[in-house]
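Chemist: Sequence below, structure please.
(2 chains)
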Number of protein chains: 2
Amino acid sequence: MTNTPAAQPKPQTAKTAIAPTRAENYAEWYQQVVRASDMAELSGVRGCMIIKPWGYGIWEQMQRDLDRRFKETGHDNCYFPLFIPLSYFQKEADHVEGFAKEMAVVTHHRLKSDDGKLTPDGELEEPLVVRPTSEMVIGTAMAKWIKSYRDLPLLINQWANVVRWEMRPRILLRTAEFLWQEGHTAHETYDDAMKETRVMLDVYRDFAEQVLALPVIPGEKTPNERFPGAVNTYTIEAMMQDGRALQAGTSHYLGQNFSKSLNIQFQNREGVLEFAHTTSWGLSTRMLGALVMAHSDDNGLRTPPRVAPWQVVIVPITRNDADKQAVMDYCQKIKADLQAQVYAGQPLRVKLDARDIAGADKRWEWIKKGAPLVVEIGARDIEGGKVCVTRRDRLDQGKQFVLRDDFIAAVAGELASIQQTLFDEALAFQKTRIVTNIKTLADFEAYFGKDADNSFAGGQGFVRAKWSGDEASLGILDKYGVTIRCVPFDQDGQTGTCVLTGAPATQDVIFARAY
Amino acid sequence: MTNTPAAQPKPQTAKTAIAPTRAENYAEWYQQVVRASDMAELSGVRGCMIIKPWGYGIWEQMQRDLDRRFKETGHDNCYFPLFIPLSYFQKEADHVEGFAKEMAVVTHHRLKSDDGKLTPDGELEEPLVVRPTSEMVIGTAMAKWIKSYRDLPLLINQWANVVRWEMRPRILLRTAEFLWQEGHTAHETYDDAMKETRVMLDVYRDFAEQVLALPVIPGEKTPNERFPGAVNTYTIEAMMQDGRALQAGTSHYLGQNFSKSLNIQFQNREGVLEFAHTTSWGLSTRMLGALVMAHSDDNGLRTPPRVAPWQVVIVPITRNDADKQAVMDYCQKIKADLQAQVYAGQPLRVKLDARDIAGADKRWEWIKKGAPLVVEIGARDIEGGKVCVTRRDRLDQGKQFVLRDDFIAAVAGELASIQQTLFDEALAFQKTRIVTNIKTLADFEAYFGKDADNSFAGGQGFVRAKWSGDEASLGILDKYGVTIRCVPFDQDGQTGTCVLTGAPATQDVIFARAY
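Modeler: As a prediction, the model looks like this:
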């Protein structure tokens, strides 16, 4: 693409669209970016959010990409009941213990009016829990469906809403209700189930990196951080711009725990009854929050092109009614030409913003939403055969005036470049914030102790160090709000000393504050 | 396509896969088709179903097609909370009265364990209703979002689960929880809102006819059948194979009722505050039940090609390990060639069923599921350069042996032909079952009175006759379980006599039993 610098590129360093800035108050900056990008808002219903068109549009792109990956790896979509009878939970003590404190419970099935005041009526014989996750209800169905090894593997996914009552909700990241997908599979052997668990974690890793431009650290959770009822929990951990971790997707090997509780048995190849090995794995709308925290700047969200509902937004600039029709016609033609281009295997998603408001206001609205490319076109541009392009990841370059045909020829490459830039920037940030030279408790406490105030530098980063595996030592972490995020898959295998206790330790773990 | 009749075409008239047949027991036949097609099953959770891969796959195709139509007509997808505070319902008396008897109510937010027995704990200050529909929660958001006429029209759709407590659930048709989409829009004027209401009904009509191969009668509901809180309710009514009606989609003009209850006001073009005119419209997974009831025969479902998860299923027939690899390779090649074909603007959806079970069993499984084309391929077919094709809508023709390349060249046309056949058959059935010569109450009672026993002929059909509009006359209908389904849009405008009262009447209505 041949770029001609704009006559007066405005430097973006001074004035920014989001107040406060990241550096001033990270937590508040996050809320303001969510608001400015118009992705979502909290509703009048306690802890529940409304996902608005730009946020839901990004989620739809995530769904489309993940769903293709799930189907390519042999999974079928199903839909299971929202409600789970209380008695189901009696069957799995560890599982219910993990979720009991955050369950919404339905106890009545109608309303009555008492002097004009509505009250619940028709008490249920057995209360129903609104699903916090669906192991119990899907496992119950599996027990019915699976009879022989020929029925295995059983590979199911569901797109659904789930409810986990949150005492301290935070929009997109932690809400009482959220949307997710949950995979549930049953297998003949440990090897098959473990392979599935790891394959699906790798699907998440690849999706996060390639589609969300989010570098992640894959690894295993320590026993105290496992999913309730799981034998092994694997995770991908992403770093936000305040150095805190965000668990971006998890995949669980459930062993025979749930199959024993729910009687998921099959006749094996020798004709003997055996309990199946099951797995589950999930990824949710909190990834929308991760996108905001990882890719936004002080002018709003920067949406990765792979998931942007609109990858190119055309803003017509009309000065008077006389030039309006000509400009609109020209924009329509460019829109059609852009839609004929292909990026990441899909026709380009192009929006022509024809609303009757000032062009400059529209441009800033799309910058705050993070549309990857904003193209302004006015009568003067048409005369010059040019378009005026803003690349969201290069706001410091200001507007670029480009020949119309050059722009169309280069647009797919530009989107690929923006996608790569977001990933590279996030990876560079992550690398500078993974600390590997902390070897003693004193250094560890100095690192996490100095910024416990939630400021931009509050989380600081990830400490990668040896840990002995002694759970008693985790008490030290509570003081700093730090947890072990995972045992990364890439281990050096060397024996060193545990950063918390000084005891001999072989495994490397990631310590961090987390969302 | 050049067809060679199979050597020994088996007549399908004698033995059928579904018992009882439609003629023997329609209600039980319906249950058995749902079971045999493996679309869905009732769960252990009262009134709630599990939608299995074949049923969910059809729903996904419906969603894809409808979602495209909604976006093309300018609607954005959002997601709103599952829970609606009780106080919201206090605001709209008509609306709450319509739904109060079927609302699931959340009253607690955690569980506690009493001597090992789980019980609800943490009573909520205000109970939450699990949404039966979302006018109240979306309208509340609209009141916040809309300030000026510039914010209108506001055109929103949501894909969601809803709960309406059913005392007599019937799988797919009437379940406590179901999936649907609900459109919610707000407009400046009556004209704009009414246009939207009718445009969306027409989207449903076209979708039902073109995609589901389901002829429908569009019309307006009589006042007593309106959506609770609506000013006008429009509907498309489909006829099932027992002559009963099924309401297939509704679109409501809500007037200013909800905007007044919820304060959805805007500053109009003259700067004066006005209440918006709102609409809502929905279509649900009960359409899966409609497909079963409209298109199935005594061998199971016949899935319309436009919504079939797999339009062509290839069944390899292998006699021994020696020919297995050659047959599988040949099948893979045909699959790839078929996937390169296009039907209804989409690449063909082709399944190669490589499971290790007998070919004949697989064929019958896909016939019961209603895969439009089943192709069997064995070593002998490969030698002859042929494939053995079963067209689901022409089981009476048995298997057809067709040259491989001819089959591939003709396959898109065959799918179009199957789609058309299903529509034509349903339309022909509907036409024979719409009775227009019933003019007196005696004839009316004779028609609906003779088969009130739910047998195959139980509903018989639709009676199209004049009705005076006198609601007192509707009492006569209760005895026969008949309702007025709609006032069809096509009216002759002639004055005649009301079939129920003999009074002068101008409007034609449709009387029928309904699901």
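Chemist: any idea how far the closest residue to A:Met239 other than its chain neighbours is from A:Val327?
Modeler: Nearest in space to A:Met239, with sequence neighbours left out and distances taken as CB to CB, 6 or more residues apart in numbering or on different chains, is A:Gln430 at 4.6 Å. Bear in mind the C-beta positions are built from the backbone N, C-alpha and C, glycine included. A:Gln430 is 44 Å from A:Val327, where distance means CB to CB, to the nearest Å.
Chemist: is it true that the residue nearest to A:Met239 touches A:Ala213?
Modeler: No. Between A:Gln430 and A:Ala213 there is no contact under CB atoms under 8 Å: 11.9 Å.
Chemist: If you count surrounding residues, which of these two has more?
Modeler: Using other CB atoms under 10 Å in any protein chain shown, the more surrounded residue of A:Gln430 and A:Ala213 is A:Ala213, with 26 against 20.
Chemist: hang on, isn't the more buried one packed against A:Ser417?
Modeler: No. Counting by CB under 8 Å, A:Ala213 does not reach A:Ser417; the two are 11.7 Å apart.
Chemist: For the stretch 251-400 of chain A, give me the ranges with low pLDDT.
Modeler: Counting by pLDDT under 70, the stretch 251-400 of chain A has no low-confidence residues at all.
Chemist: who in it is up against chain B?
Modeler: Within the stretch 251-400 of chain A, the positions lying close to chain B (CB under 8 Å from any CB of the partner chain) are A:Asp356, A:Ile357.
Chemist: Strands along the stretch 251-400 of chain A, start to end?
Modeler: Taking DSSP state E, counting those that start in this stretch as the test, the strands found in the stretch 251-400 of chain A are A:265-267, A:273-275, A:277-284, A:312-317, A:342-343, A:346-347, A:350-352, A:373-378, A:386-391, A:400-403.
Chemist: Turn those strands into JSON lines, including mean neighbour count.
Modeler: Conversion of the strands of the stretch 251-400 of chain A to JSON lines gives the following (neighbours: other CB atoms under 10 Å in any protein chain shown):
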{"stretch": "strand A:265-267", "mean neighbour count": "18"}
{"stretch": "strand A:273-275", "mean neighbour count": "15"}
{"stretch": "strand A:277-284", "mean neighbour count": "26"}
{"stretch": "strand A:312-317", "mean neighbour count": "25"}
{"stretch": "strand A:342-343", "mean neighbour count": "15"}
{"stretch": "strand A:346-347", "mean neighbour count": "12"}
{"stretch": "strand A:350-352", "mean neighbour count": "19"}
{"stretch": "strand A:373-378", "mean neighbour count": "24"}
{"stretch": "strand A:386-391", "mean neighbour count": "22"}
{"stretch": "strand A:400-403", "mean neighbour count": "20"}
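Chemist: ok, which stretches of chain A are helices?
Modeler: Applying DSSP state H to chain A gives helices spanning A:26-36, A:53-72, A:86-89, A:93-99, A:135-145, A:190-206, A:257-262, A:286-295, A:321-339, A:359-369, A:379-384, A:404-432, A:441-449, A:475-478.
Chemist: list residues touching both of A:Ala213 and A:Ser417?
Modeler: Here A:Ala213 and A:Ser417 share no contacting residue, scored by CB atoms under 8 Å, 6 or more residues apart in numbering or on different chains.
Chemist: Return the set of residues that bridge with A:Ile317.
Modeler: Listed beta-bridge partners, A:Ile317: A:Gly378 (assigned using DSSP bridges).
Chemist: residues touching it, list them.
Modeler: So, once contact is read as CB under 8 Å, 6+ apart, A:Ile317 ends up touching A:Val327, A:Gly359, A:Glu376, A:Ile377, A:Gly378, A:Ala379, A:Asp381.
Chemist: measure it to chain B for me?
Modeler: Distance of A:Ile317 to chain B, given as CB to the nearest CB, to the nearest Å: 19 Å.
Chemist: out of the helices of chain A, nearest to B:Asp65?
Modeler: Relative to B:Asp65, the nearest member of the helices of chain A by CB to CB is helix A:53-72, separated by 15.1 Å.
Chemist: before we move on, the earlier item: of all the contacts of A:Ile317, which comes closest to B:Thr440?
Modeler: When the contacts of A:Ile317 are compared for distance to B:Thr440, the smallest value, 66.6 Å, is given by A:Val327; criterion: CB to CB.
Chemist: wait, what's in contact with the closest one?
Modeler: Neighbouring residues of A:Val327 by CB under 8 Å, 6+ apart: A:Pro316, A:Ile317, A:Thr318, A:Ile377, A:Gly378, A:Ala379, A:Ile382.
Chemist: Thank you kindly, that will do.
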